[in-house]
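Enquirer: Pasting the sequence and the predicted coordinates here, then a few questions.
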Amino acid sequence: MFKRLLDNLNTAVLVFDEQLYLRYLNTSAEVLLAESTRQLLGVSAKNLFKSSDSAFLTNLSHCRDTGSPIIDYALELHHGDNPSAFVNVSITPIGVNNESINELIVELQPIDNRMRISQEEQLLSQQNTARLMVRGLAHEIKNPLGGLRGAAQLLDLELSSAELKEYTQIIIDEADRLTDLVNRMLGPNEVPNKQFLNIHEVLERVRWLVQAEVSPTIRLRCDYDPSLPEILGDKNQLIQAILNIVRNAVQALGEKGTITLKTRICRHITIERRRYKLAVRCEIMDDGIGIAPDMLNKIFYPMVTGRADGTGLGLSIAQALITQHQGVIECSSKKNHTVFAITLPVLSP
Ligand SMILES: Nc1ncnc2c1ncn2[C@@H]1O[C@H](COP(=O)(O)OP(=O)(O)OP(=O)(O)O)[C@@H](O)[C@H]1O
Ligand SMILES: [Mg+2]
């Protein structure tokens, strides 16, 4: 029961003995250090983090020698080749036996994670507000547009001159074009019809649809983890979301290039303040022109486009659909390497 409790904590917990060898770590600590208990048990504190992280070691030794608990803030720790982690540290001596310290409990609270979550939340809420504004605008346009088209049709019936009918036909065609746009601006309006499904069914469908649209010089590769668990999702909505991302990748490639669809399992992931034990991660990678750094933060807003003939709605719709699945889309890009990563939580049946 205690192990279960410890393994479900968000805080990384490590226990060192008095020689400062690692004797215990919980699951969050394994995630933070990106190594398993088996690999880490018995490792000395001085080998756990790089020598530049001496503040941690100093705190640990000081706590052992004085027996006083220590709290330190915003320490940067490097373990192995992992990116550095910023943490708040609390060290508590325990097992005072004949006045000697037996063990030290270390609690590490990643702070970049918290900052990342609040930044993400802020961005998501701004994008959501922009989406609501665009929806509101679309609603206002939709009704008069219907009236306009109806009137043009009636007028068309009254006209006998073919020359004049050309004008009414232009009004009708343009009204239809605008209706399509307005419908896309309104975004997904159906409540998802969720069923258990394998994400590879969705990806394979998208691959098949896109391969039929593009020239053979554009390769669609897959790199799937076949052991992925099923997720609860609306197949059509997920196809739509991923199709929008893959079509963007095709447009970024131009004449030729490669798009890779990759899937992996993710453990202990936080999305919008909810923590999930398991999630499925799908990456859509392309070796196209890439996204300019000043565009990267804007592309999920509705009506933001970098293409002359784009409407800027594809990614906004994809994000609305993935949000309906409690998931998240992230993007990173440099020249010849753009990755859109969709993380979808695995919810227990
Ligand atoms: N894989 C990618 N590589 C390079 N740029 C991309 C990629 N994906 C998206 N973008 C950029 O993000 C912009 C926004 O994409 P989004 O799908 O929302 O709109 P769009 O493609 O311009 O128009 P729409 O999808 O509505 O037809 C694109 O115009 C493009 O500049
Ligand atoms: Mg698009």
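Expert: Arrived safely. Everything numeric in this text was worked out from a predicted model, so none of it was measured. Numbers count the residues shown, from 1 in each chain. Ligands and ions are numbered 1, 2, ... in the order given.

Enquirer: Leaving out sequence neighbours, find the closest residue to Asp17.
Expert: Sequence neighbours aside, Arg23 is the residue nearest to Asp17 in space, at 5.2 Å (criterion: C-beta to C-beta, 6 or more residues apart in numbering). Every residue, glycine included, has its C-beta placed from N, CA and C.

Enquirer: What is the burial count for that neighbour?
Expert: Arg23 is flanked by 14 other residues according to other C-beta atoms under 10 Å.

Enquirer: what does Gln324 give?
Expert: By other C-beta under 10 Å, 18 other residues sit near Gln324.

Enquirer: correct me, but it touches Pro192?
Expert: Yes. Judged on C-beta atoms under 8 Å, Gln324 makes contact with Pro192 at a distance of 5.2 Å.

Enquirer: Overlap of the contact sets of those two?
Expert: Overlap of the contact sets of Gln324 and Pro192 (by C-beta atoms under 8 Å, 6 or more residues apart in numbering) consists of Asp234, Gln237.

Enquirer: Residues contacting the helix or strand that Asp65 is a member of, please?
Expert: Counting by DSSP states H and E, the secondary-structure element that holds Asp65 is helix 54-66. The set of residues external to helix 54-66 that reach it, using C-beta under 8 Å, 6+ apart, is 16, 18, 20, 45-46, 49, 68-70, 72, 75, 77, 89, 91-93, 101, 104, 106.

Enquirer: Tell me the secondary structure at Pro226.
Expert: coil (DSSP: H, G, I helix; E, B strand; the rest coil).

Enquirer: gap between the residue lying closest to it once chain neighbours are set aside and ligand 1?
Expert: Counting by C-beta to C-beta, 6+ apart, His200 is the residue found nearest to Pro226 once chain neighbours are left out, at 7.8 Å. Shown here: His200 relative to ligand 1, a distance of 21 Å by C-beta to the nearest ligand atom, to the nearest Å.

Enquirer: any idea how far His200 lies from Asp286?
Expert: Here the criterion is C-beta to C-beta, to the nearest Å. By it, His200 lies 19 Å from Asp286.

Enquirer: And the two? Which one has more around it.
Expert: Legend: neighbour count by other C-beta under 10 Å for His200 and Asp286, higher for Asp286 (26 against 18).

Enquirer: Do you know the pLDDT at the more buried one?
Expert: Looking at Asp286, its pLDDT stands at 97.

Enquirer: List the buried residues for the helix or strand encompassing Thr338?
Expert: For Thr338, the element it lies in under DSSP H and E is strand 337-345. Judged by neighbour count (16 or more other C-beta atoms under 10 Å), strand 337-345 contains these buried residues: Thr338, Val339, Phe340, Ala341, Ile342, Thr343, Leu344, Pro345.

Enquirer: returning to that earlier point: who does the helix or strand where the residue nearest to Asp17 lies pair up with?
Expert: With secondary structure defined by DSSP H and E, Arg23 is part of strand 22-25. Partner strands and pairing direction for strand 22-25 (DSSP bridges) are strand 12-17 (antiparallel).

Enquirer: Pull the partner strand out as CSV, backbone CA atoms only.
Expert: Output for strand 12-17, consisting of C-alpha atoms alone and laid out as CSV, is shown next (Å, rounded to 0.1, in the frame of the first residue of the first chain):
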residue,chain,number,x,y,z
ALA,A,12,10.1,12.4,-7.1
VAL,A,13,11.2,10.7,-3.9
LEU,A,14,14.7,9.3,-3.4
VAL,A,15,16.2,7.7,-0.2
PHE,A,16,20.0,7.8,0.4
ASP,A,17,21.8,5.9,3.1
